[in-house]
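Asker: For reference, the sequence and a predicted model appear below.
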Amino acid sequence: MKKWTPKHVNWLKALKIAAGAVAAILLAEAFGLQNAASAGIITLLTVQNTRRETVMSSVRRFSGFAMMTLLCLPIYHFCGTAPWAFGIVLLLLLLICYSFRMDDATPINAVMATHYMLAGGVTLHMVGNEVLLRVIGSGIGVCLNWFMPRNLGKIHIMQRELDEEIRGILERMSMRLLEADHTGYGDSCFAETERLSGELRQEIDAFLQNQTWQDDIYFMRYVEMRREQCRVLQVIYRQLLRLNQVPEQAKPLSAFLADIAMHFHEGNDCSALLEQLESLYAAYRQDELPDTRESFENRAILYSILTELQSFLQIKRQFYLTLPEQERKQMFERLMQA
């Protein structure tokens, strides 16, 4: 069990909720509204972790409010405002909200149903009062979350960390290709890329949630592209371990891996590297056939690695070609500023 520390508290969110609730109550009182404290409760329930969550929760609660008012109107009119009548309203409201997956709309609307009950029923004045409480509470909650800090800087840092880890894998492969003994050449680096890409996905998801209306999926596509490339590198790693000698053809392939590592960055469209790979293919085809079974198997492994490297580069090439022009322009502007 982790020891509690002040770092575990979201101080910013707590301060936003407290300040927003006070502001909502004071504003409701300034308008002379009944049950002004409810505006503060609405603000408390409205503030979520992201902009999108905040807006969507407000929409659900407004929908729940409309349904609750429509339920209270006939029930309080024909059954009176006894507690059991409120029980009927609450039961129906729960069933409707659960059916439409609007569970978070139930608590505050149940409270507002008691406002109608204490007022003796649903009147135009009370509906207006409750609507204004809603507008004030939800409005302040949405405004508090509207100016959420963008985590783009952190995303860019994590992108570079992931790319550096993959570059390191390519560099080690380049060196290991020239060694017949693979003792100590482990695969823990792939667990690290999985961890980095997973954390990056979480950060990107938080960024997308705070976009409210716009879905900028560039970063999510980017991390998925890198994860796909890592899967190819795992295949190459397993093939490299099967080499039990260093054929002459391993030297140009090692140099090619080093070139890929050197030019491994976000803005590379891989066209030049793919042309270089075609030259390697042509050179391999012109080589004399191996004269022993062992040499033949090792040559086949090298050819297979080259094929996987083609897939590795084509993944990035395809990502680049499918980028909308605006996203490509933004990418280059960002790289120039880095």
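Answerer: Received, thanks.
Asker: Every contact and neighbour count from this point should use C-alpha atoms.
Answerer: OK.
Asker: Would you mind giving the domain segments of the protein?
Answerer: Using automatic domain parsing, the domain ranges for the chain come out as 9-146, 166-337.
Asker: hey, which of these is tucked in deepest?
Answerer: domain 9-146 (a mean of 19; mean count of other CA atoms under 10 Å).
Asker: Tell me how far that domain lies from the chain's centre.
Answerer: Averaging C-alpha positions (CA atoms, centre = their mean, to the nearest Å) puts domain 9-146 30 Å from its chain's average.
Asker: Show residues contacting stretch 222-240.
Answerer: If you take CA atoms under 8 Å, 6 or more residues apart in numbering as the criterion, stretch 222-240 is touched by 159, 166, 173, 177, 187, 190, 193-194, 197, 200-201, 301, 304-305, 308-309, 311-312, 315-316, 319.
Asker: try 6 Å
Answerer: I305, F312 (CA atoms under 6 Å, 6 or more residues apart in numbering).
Asker: Tabulate the domains of the chain (JSON lines), appending mean pLDDT and distance to L152.
Answerer: What follows is these, written out as JSON lines (pLDDT from 0 to 100; distance: least, CA to CA, whole Å):
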{"stretch": "domain 9-146", "mean pLDDT": "87", "distance to L152": "15"}
{"stretch": "domain 166-337", "mean pLDDT": "83", "distance to L152": "7"}
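Asker: quick one: which of those is nearest G153?
Answerer: Smallest distance to G153 across these (CA to CA): 10.7 Å, for domain 166-337.
Asker: May I see the domains of the chain arranged in JSON lines, with distance to G153 as well?
Answerer: Putting these into JSON lines (distance: least, CA to CA, whole Å) gives the following:
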{"stretch": "domain 9-146", "distance to G153": "17"}
{"stretch": "domain 166-337", "distance to G153": "11"}
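Asker: Ok, which of the ones you listed comes nearest I155?
Answerer: With CA to CA as the yardstick, what comes closest out of the domains of the chain is domain 166-337 (6.6 Å).
Asker: Can you report phi and psi for the residue nearest in space to the middle of the chain?
Answerer: Nearest to the geometric centre of the chain sits D205, at 1.4 Å (CA atoms, centre = their mean). Torsion angles at D205 (phi, psi; degrees, to the nearest 10) stand at phi -60, psi -40.
Asker: can you tell me the helix or strand for the nearest residue to it once chain neighbours are set aside?
Answerer: Nearest residue to D205, sequence neighbours excluded (CA to CA, 6 or more residues apart in numbering): M220, at 7.9 Å. For M220, the host element (DSSP states H and E) is helix 218-241.
Asker: next SSE after that helix?
Answerer: Counting by DSSP H and E, what follows helix 218-241 is helix 250-262.
Asker: okay, that following helix in CSV with CA atoms only?
Answerer: In CSV, the C-alpha atoms belonging to helix 250-262 read as follows (Å, rounded to 0.1, in the frame of the first residue of the first chain):
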residue,chain,number,x,y,z
ALA,A,250,26.7,-8.3,-43.2
LYS,A,251,29.0,-5.3,-43.5
PRO,A,252,26.9,-3.2,-45.9
LEU,A,253,23.7,-4.2,-44.0
SER,A,254,25.3,-3.1,-40.8
ALA,A,255,26.2,0.3,-42.4
PHE,A,256,22.7,0.6,-43.7
LEU,A,257,21.3,0.0,-40.1
ALA,A,258,23.6,2.7,-38.9
ASP,A,259,22.3,5.1,-41.6
ILE,A,260,18.7,4.4,-40.6
ALA,A,261,19.6,5.2,-37.0
MET,A,262,21.4,8.4,-38.0
